[in-house]
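**Q** Sequence and predicted model, in that order:
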Amino acid sequence: MSKEIVCHEFPAVGKYRVRLVKEDLKAPVTLDVREYISGREFQGFTRRGIKLAATKEVMELRDHLNTVLSMLEVKS
């Protein structure tokens, strides 16, 4: 498996890292939200996370997050 090219890394969200990555120079940019572990036995990314390659999927996730936030504000 080839190493991903990290185009941009955003500040961590809890135990998750949010990055824009590419599989190679010609591949499209993908949003990668993945758990990162740093411990004695293991340090690195786990399989727990999501990858969204299509802009449409990222926009749908944004819409869902906006809905979640407004629902959380109502319950607060």
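**A** Now that the structure is in, tell me what you want to look at.
**Q** Okay, helices next: where are they in this structure?
**A** Using DSSP state H, the helices of the chain run over residues 55-75.
**Q** Quickly note the distance from the residue nearest the centre of it to L52.
**A** Compute the mean C-alpha point of the chain, and by C-alpha atoms, centre = their mean the closest residue is V33, 1.5 Å away. Here V33 is placed at a distance of 8 Å from L52 (C-beta to C-beta, to the nearest Å). The way it works is simple: take the backbone N, C-alpha and C, and place the C-beta from them, glycine included.
**Q** do T46 as well
**A** Distance, T46 to L52, using C-beta to C-beta: 17 Å.
**Q** Which one of those two is surrounded by more residues?
**A** Neighbours around T46 and L52, counted as other C-beta atoms under 10 Å, are more numerous at L52. The numbers are 15 against 12.
**Q** Give me the residue ranges of this structure where confidence is low.
**A** Judged against pLDDT under 70, the low-scoring parts of the chain cover residues 1-2, 75-76.
**Q** rerun that using 80 as the cut-off
**A** In the predicted model, the chain carries pLDDT under 80 at residues 1-2, 74-76.
**Q** Show me the strands in it, by range?
**A** In the chain, the strands defined using DSSP state E lie at 5-9, 16-22, 30-38, 43-52.
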